[in-house]
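Visitor: Requesting a structural model of the entry that follows:
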Amino acid sequence: MLQQVVATALPEAKPMLALHSKEDAEAFVAKLKSEGYDYVRFEFSDMAGLSRGKTIPIGHVAHYMVKGLNLYGGTVALDSYSIPVRNSGYNEERNYTDCVLILDSDTLSPVPWLQKTGRVMCDSMWYDGEAQLAAPRVLLKKMLQVAAELGFAVKSGHEYEFYALDEETREPLYTGQPIFATARTHQFEAIDDLIRVLGKEGIDIITYNVEHGPGQIEINYSAVDGVDAADRAFVFKGTVKEYLRKRGILATFMTKPYKGLSGSCSHFHISLLDVESGGNAFFDPNAEHGMSQTCRSFVQGVLDHMPAAMAIWNPTPNCYRRIRPRTYAPSNVSWGVEDRSASVRIKASGDESTHIEVRVPSAMSNPYLVASSTLAAGLMGIADKRELMETASGPKEDDERFQKLPTEIGEALDALEQDAALRNALGEEFIRVYLAMKRQEAARLRDEIPQAEIDEYFELY
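Guide: This is a model prediction of the structure:
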């Protein structure tokens, strides 16, 4: 029965998007006025996870809620250099037409470093009412809809590392490898102020510290339910870059900015909740490590589709430079209990907090897409009643029995293209845009001449 539900639900799920009524729009504007806003940023995530959108004076917000905010419809299909992606179905095929943004009024939060300015997350649809199913937030809503049809709610959280540099010199804020050094954590007032700014945006910070690389920082926040988790990650990344720039600090989530130094990751934490009971579907107090059969099948589903998901979790050529021995960046299809060398780490707390941590995604990954692909793979594992493969003792990266993950973007894109089940789950509309975009980016960057090659060959030969 479950397999039939998934087979039907995955390709057919389409989030229903609708414009707001005049009454709802007027009520929302009244709320904006009561909270002191003069401007609202209509924001949505492009495929790279960057914020795109428009800023609207409060006097025009109601109009755009009722009619929709017009925006170039191919914005979600612009590559990392904002070049329209050919053969994506979103650009020349539609004569470069507009789409409309639909704000989610529940996502209102302040932009603390701007005067009287708030932000809202948006979804996008074409003027004929069809949702843009390649849009990352819309895609995640689709996967959450499928999970709900199977009786599950989703709780998740993303944790990021990033490098902080002096904006003028482009040098890291500090040197050495002072991981967890308390004095370094509080050496720069702007970082402490950033934590307060994130709190004002409703992001519940639970820990922050300096990391292993010079100038590298990690800030963690609590997990939440549904699409809110990815919204929180989206706001977090944008805030780190935009606010610190105001303070003379350049923050970069580039996965591997320095040769021989730590890469920046985005570990993804997820559990399923039983909709009827509200309990953690991953936890069984009577099972080994407290892992329920649902958890074990979910993990195996993630492992089954991990080579293909690499193209989404590590979306640029630079991401694959992070995967190096002894760097806690997993390089094979593996799992382990509280094991940092494994691709999937089981956080076996022995209680309702039991969850899994997918350690493969890079800091450049899009939180909506990481959540969507992980959820799709895991739900297929549940549907197929997959039995969890054997793990092993010792560091997983040293164990040759485990399948190696792709080591460059082209290999990963091929794996995604060949994984019919994951393609079907995520939908051909998304897959078409994503593959066309990433192949276009990779081809363009492949034609560039790296400085290392110039240094190596130019003068000598």
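Visitor: Contacts only, for the nearest residue to Gly427 once chain neighbours are set aside.
Guide: Excluding the flanking residues, the one nearest Gly427 by CB to CB, 6 or more residues apart in numbering is Leu133, at 5.4 Å. From N, CA and C alone the C-beta is placed, and that goes for glycine too. Leu133 is in contact with 14, 139, 142, 427, 429-430, counting by CB atoms under 8 Å, 6 or more residues apart in numbering.
Visitor: now the stretch 1-150 of the chain, which segments are flagged as low pLDDT?
Guide: The model of the stretch 1-150 of the chain has pLDDT under 70 over residues 1-13.
Visitor: Can you say which of the contacts of Leu133 are buried?
Guide: 139, 142, 427, 429-430 (16 or more other CB atoms under 10 Å).
Visitor: if we can go back for a sec, go through the contacts of Leu133 and name the one nearest Asn91.
Guide: Glu429 (13.7 Å; CB to CB).
Visitor: In a helix, that closest one, correct?
Guide: Yes: using DSSP: H, G, I helix; E, B strand; the rest coil, the assignment for Glu429 is a helix.
Visitor: Distance of it relative to Leu435?
Guide: From Glu429 over to Leu435 the distance is 12 Å, taken as CB to CB, to the nearest Å.
Visitor: re the thing from before, pipe the buried ones among the contacts of Leu133 into JSON lines and attach distance to His269 per row.
Guide: Shown next, in JSON lines, are those (distance: CB to CB, whole Å):
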{"residue": "Leu139", "distance to His269": "20"}
{"residue": "Lys142", "distance to His269": "21"}
{"residue": "Gly427", "distance to His269": "25"}
{"residue": "Glu429", "distance to His269": "28"}
{"residue": "Phe430", "distance to His269": "23"}
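Visitor: and those residues, which two are the farthest apart?
Guide: Lys142 and Glu429 (10.3 Å).
Visitor: re earlier: from the buried ones among the contacts of Leu133, pick the one nearest Ile56.
Guide: Distances from Ile56 to those, taken by CB to CB, are shortest for Leu139, at 25.1 Å.
Visitor: That closest one is in contact with Leu369, isn't it?
Guide: Yes: under the criterion of CB atoms under 8 Å, Leu139 makes contact with Leu369 at 7.1 Å.
Visitor: Burial check on Arg446, number of neighbours?
Guide: Per other CB atoms under 10 Å, the neighbour tally for Arg446 reads 10.
Visitor: Show me the residue at the heart of the chain, geometrically.
Guide: Centroid-nearest residue in the chain: Pro367, 1.1 Å away (criterion: CA atoms, centre = their mean).
Visitor: residues in contact with that one?
Guide: Counting by CB under 8 Å, 6+ apart, Pro367 touches 45, 49, 158, 229-230, 233-234, 237, 266.
Visitor: ok, 6 Å please
Guide: 158, 230, 233-234 (CB atoms under 6 Å, 6 or more residues apart in numbering).
Visitor: The residues you listed in strands, which ones?
Guide: His158 (DSSP state E).
Visitor: On the three-state scheme, Glu357 is what?
Guide: Bear in mind the rule, three-state DSSP; under it Glu357 is strand.
Visitor: for Gly213, same thing?
Guide: coil.
Visitor: I'd say it and Ser264 touch.
Guide: No: between Gly213 and Ser264 there is no contact under CB atoms under 6 Å: 7.9 Å.
Visitor: of these two, who's got more company?
Guide: The residue with more neighbours, out of Gly213 and Ser264, is Ser264; 26 against 23, by other CB under 10 Å.
Visitor: my guess is the more buried one meets Ala363, correct?
Guide: Yes: assessed by CB under 6 Å, Ser264 is found in contact with Ala363 at 3.7 Å.
Visitor: what residues do the two have in common as contacts?
Guide: Counting by CB under 6 Å, 6+ apart, the residues touching both Ser264 and Ala363 are 161, 255.
Visitor: Show the contacting residues for Leu422.
Guide: 305, 308 are the contacts of Leu422 under CB under 6 Å, 6+ apart.
Visitor: Report whether it is found in a helix, as I expect.
Guide: Yes: per three-state DSSP, Leu422 lies within a helix segment.
Visitor: count of residues packed around Cys265?
Guide: By other CB under 10 Å, neighbour count at Cys265 equals 28.
Visitor: Same check on Leu375?
Guide: 25.
Visitor: do the same with Gln418
Guide: 11.
Visitor: mind listing what the nearest residue to it once chain neighbours are set aside touches?
Guide: Leaving aside its chain neighbours, Gln418 sits nearest to Ala308 (7.3 Å; criterion: CB to CB, 6+ apart). If you count contacts by CB under 6 Å, 6+ apart, Ala308 has them with 415-416, 419, 422.
Visitor: Looking at the residues you listed, which is nearest Gly301?
Guide: Leu422 (9.8 Å).
Visitor: How confident is the prediction for the closest one, by pLDDT?
Guide: Leu422 is assigned a pLDDT of 98 by the prediction.
Visitor: And Arg401, how far from Pro307?
Guide: In terms of CB to CB, Arg401 sits 16 Å off from Pro307.
Visitor: got it, and Gln216?
Guide: Distance from Gln216 to Pro307, by CB to CB: 28 Å.
Visitor: What of Cys122?
Guide: Relative to Pro307, and taking CB to CB, Cys122 is found at 33 Å.
Visitor: Since that was my last question, I'll sign off now.
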